[in-house]
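> Here is the input, now give the coordinates:
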Amino acid sequence: MSFCQIRPASPTDIPALTQLLCQGFYNQVTQSPLSRWLYPLLQWTICLDLTNRLTNSDADSICLVAIHPQTQQPIATLELHFRYLHPFWRSPHKSAYLASLTVSNQWRRRGIAAQLIDHAATLAKGKGYQQIYLHVLTSNQAAQALYHKLNFGISRSDSNFLVKFLHLPQRLMLEKHLVE
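Numbers count the residues shown, from 1 in each chain. The predicted structure is shown next:
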């Protein structure tokens, strides 16, 4: 099923993507008075980050958007990075890594996230990558169910000292093999 058009993000998408990312990842931030005051600063930093990444060509990452067929507006986004999985040491090969997947609230549970992930996996496979990775919070059962349905399996769990010491949310690293 192909409900949306998937394409690389462009600088004209930045305002809509900023809203999508803020609503998808930081909607609970607006609950307290102090947080409501800081929310515009959060939006501004996300907008700056998107502007920097979308206006500087980077062969190691691509931001994809799902476009609504009638309105031509972005309703979902996902980033595909080609990077080393461990920041402190380099393995011999870069890995394909998915990040910042979010779908607008009113368009969830319609297959759009799966369509974005499939598109990203096709791009990664076309560049010769054999696996694709992502992180998911252990508390995000809906996302875990989607990834399981798309044949992602658990690669490892974040259980290092810093996660426990800093009381960070527990994450799972999932992987999907792209070569049959």
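> quick one: L41 from R109, how far?
31 Å (CB to CB, to the nearest Å). C-beta here means a position set from N, CA and C on the backbone, and glycine is covered the same way.
> Repeat that for P40.
From P40 over to R109 (counting by CB to CB), the distance is 30 Å.
> Confidence-wise, which helix or strand of the protein is lowest on average?
Lowest by mean pLDDT, DSSP states H and E among the helices and strands of the chain is helix 161-165, with a mean of 65.
> Can you show me the CA trace of stretch 132-150 as CSV?
Output of stretch 132-150 as CSV, limited to C-alpha atoms (Å, rounded to 0.1, in the frame of the first residue of the first chain):
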residue,chain,number,x,y,z
ILE,A,132,19.7,-1.4,9.3
TYR,A,133,19.6,-0.4,13.0
LEU,A,134,17.5,1.8,15.3
HIS,A,135,17.0,2.5,18.9
VAL,A,136,13.6,2.3,20.6
LEU,A,137,12.6,3.1,24.2
THR,A,138,11.6,0.0,26.2
SER,A,139,8.5,1.9,27.3
ASN,A,140,7.3,2.5,23.7
GLN,A,141,5.4,-0.7,23.2
ALA,A,142,3.6,0.5,20.0
ALA,A,143,6.9,1.2,18.3
GLN,A,144,8.3,-2.1,19.3
ALA,A,145,5.2,-3.9,17.9
LEU,A,146,5.7,-2.0,14.6
TYR,A,147,9.4,-2.9,14.4
HIS,A,148,8.7,-6.5,15.2
LYS,A,149,6.1,-6.6,12.4
LEU,A,150,8.7,-5.3,10.1
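> contacting residues around it?
Stretch 132-150 is touched from outside by 85, 95-99, 101, 113-114, 117-118, 120-121, 124, 152, 155, 157-158, 169-176, 178, with contacts defined as CB atoms under 8 Å, 6 or more residues apart in numbering.
> Quick check on the residues you listed: which are buried?
For those, a burial check counting by 16 or more other CB atoms under 10 Å picks out 85, 95-98, 101, 113, 117, 120-121, 124, 152, 158, 171-176, 178.
> Inside strands: which ones of the residues you listed?
95-98, 101, 171-176 (DSSP state E).
> per-residue confidence for L168?
Looking at L168, its pLDDT stands at 68.
> and if you look at the one 3 residues further on?
Looking at R171, its pLDDT reads 83.
> With A76 instead?
For A76, pLDDT reads 95.
> and what of N52?
On the pLDDT scale, N52 gets 85.
> Now the spatially most central residue of the chain. Nearest residue, chain neighbours left out?
The geometric centre of the chain, computed from its C-alpha atoms, lies nearest to S100 (CA atoms, centre = their mean), at 2.2 Å. Nearest residue to S100, sequence neighbours excluded (CB to CB, 6 or more residues apart in numbering): E79, at 4.7 Å.
> about what we covered before: you'd agree the residue nearest to the centre of the chain is up against A76?
No - if you go by CB atoms under 8 Å, S100 and A76 don't touch, sitting 10.6 Å apart.
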